[in-house]
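**Q** Could you look at this predicted model? Sequence included:
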Amino acid sequence: MYEPFYGFKLKPFALLPQEEFMFLSRQHKTALSLLTYSLYNRAMFCVLCGDIGTGKTTLLRYLLSRHEAHISVGMITSTTGTFTELLQWILTEFGLDYRGLDKIGMQQALVAYLRRLEVLNRRAVLVIDEAQALAPEVLEELRLFSNINAGRAVLLQTVMVGQLGLRDTLRRPDLRQLAQRVAVDYFLTPLDQEQTEAYIRHRLALAGPSREDLFTREACDAVYTASGGIPRVINLLCDTALAYGFADQKPTIDATTVVEVLADRSQNAELTASPVKAP
């Protein structure tokens, strides 16, 4: 709707993960470096945690979009249920048929696949998004299955991405052995005020050349105060502000526009920030 008016080739603030818009803040660079290091050094388990909307999935997709051809990636986003159901998802992601197989048969099929990859000088990486939904007993079975790696090169690497509850679960005494196998455990924090402004300008510039100054500094500060530096909420506010700006035919988005957006969305449970006053 507002894209032609503001000269955008792409929508700059979509709510779905867009790895092509990846903004590497200091903390995102650190997480990317650790995950890249662990990926190419065959770490058995890696964990990336963060609050809702901090950009975990976007970062993960950005990393995986650049992985080498000899790495076979299976990515799972539906993680509730039993370990048997998890195995079904894993086999499906790696292009294997689980129909007619029981739990042991599925594990054998997966091991056979992983060993075929090893013979071909390839390897597999399993990515579990929203891993905080995994029950402790499922995590323990995943740990037991990882024993296939004992005494040889790691056949299956597992990257678990989740919200804060994942860290709490991994600290349970009965999951101590799994926690000891985690090579990377990184917590992704929200953006600070300076990073938020840089994030907004980064996305504007990618969506429309020479449009990075469309939001005033005061507007960026208002977005930061309201969002707490959470990228998903930043996107929501900026997208709505652009719609408001288009409706008013505003050439720039100022703090008054952002405050108007906040006032109209004051009942939205996602936006629990302090009130922002226009300068």
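**A** The structure has been received and is ready for your questions.
**Q** can we go C-alpha only for contacts and neighbour counts from here?
**A** Noted.
**Q** So which elements touch the worst-scoring helix or strand of the chain on mean pLDDT?
**A** Within the chain, no helix or strand scores below helix 56-64, which has a mean of 88 by mean pLDDT, DSSP states H and E. Helix 56-64 is packed against helix 26-40, strand 45-50, strand 156-162, with contacts defined by 3 or more CA pairs under 8 Å, 6 or more residues apart in numbering; DSSP states H and E.
**Q** Can you say which of these is nearest to K250?
**A** With respect to K250, and counting by CA to CA, the nearest of the helices and strands packed on helix 56-64 is helix 26-40 at 33.0 Å.
**Q** got the contact list for the helix or strand M75 falls within?
**A** Element membership for M75, per DSSP states H and E: strand 71-76. Applying CA atoms under 8 Å, 6 or more residues apart in numbering, the external contacts of strand 71-76 come out as 64, 89-90, 93-94, 122-129.
**Q** was I right about E3 contacting K11?
**A** Yes: using CA atoms under 8 Å, E3 is in contact with K11, at 6.6 Å.
**Q** How far off centre is the host helix or strand of A112?
**A** Using DSSP H and E, A112 maps to helix 103-119. With CA atoms, centre = their mean, to the nearest Å as the basis, helix 103-119 stands 28 Å off its chain's centre.
**Q** one step back: buried subset of the contacts of strand 71-76?
**A** 64, 89-90, 93-94, 122-129 (16 or more other CA atoms under 10 Å).
**Q** just checking, what packs against the helix holding A112?
**A** Packing contacts for helix 103-119, counted by 3+ CA pairs under 8 Å, 6+ apart, involve helix 83-93, strand 123-128.
**Q** Just send these back as CSV, with distance to D174 too.
**A** Putting those into CSV (distance: least, CA to CA, whole Å) gives the following:
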stretch, distance to D174
helix 83-93, 17
strand 123-128, 21
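**Q** Nearest to D248, out of the ones you listed?
**A** Among the helices and strands packed on helix 103-119, the nearest to D248 by CA to CA is strand 123-128 (43.7 Å).
**Q** which residues are contacting the closest one?
**A** Under CA under 8 Å, 6+ apart, the answer for strand 123-128 is 70-77, 79, 90, 114, 117, 155-161.
**Q** Name the next helix or strand following it along the chain.
**A** By DSSP H and E, the next helix or strand past strand 123-128 is helix 136-145.
**Q** Flag every buried residue along that next one.
**A** Within helix 136-145, judged by 16+ other CA under 10 Å, the buried ones are 136, 138-140, 142-143.
**Q** all helices for the stretch 151-279 of the chain, in order.
**A** 164-170, 176-179, 193-207, 217-227, 231-247, 255-264 (DSSP state H, counting those that start in this stretch).
**Q** could I get the fifth one in PDB with only the CA atoms?
**A** Pointing back at helix 231-247 there. Only the C-alpha atoms of helix 231-247 are listed here, as PDB (Å, rounded to 0.1, in the frame of the first residue of the first chain):
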ATOM      1  CA  PRO A 231      13.000  -6.600  16.500                       C
ATOM      2  CA  ARG A 232       9.500  -8.100  15.900                       C
ATOM      3  CA  VAL A 233       7.800  -5.300  17.800                       C
ATOM      4  CA  ILE A 234      10.000  -2.700  16.000                       C
ATOM      5  CA  ASN A 235       8.800  -4.100  12.700                       C
ATOM      6  CA  LEU A 236       5.200  -4.000  13.900                       C
ATOM      7  CA  LEU A 237       5.500  -0.300  15.000                       C
ATOM      8  CA  CYS A 238       7.400   0.800  12.000                       C
ATOM      9  CA  ASP A 239       5.100  -0.900   9.500                       C
ATOM     10  CA  THR A 240       2.100   0.700  11.100                       C
ATOM     11  CA  ALA A 241       3.800   4.100  11.300                       C
ATOM     12  CA  LEU A 242       4.400   3.900   7.600                       C
ATOM     13  CA  ALA A 243       0.800   3.100   6.900                       C
ATOM     14  CA  TYR A 244      -0.200   6.100   9.100                       C
ATOM     15  CA  GLY A 245       2.300   8.300   7.300                       C
ATOM     16  CA  PHE A 246       1.000   7.300   3.900                       C
ATOM     17  CA  ALA A 247      -2.600   8.000   5.100                       C
END
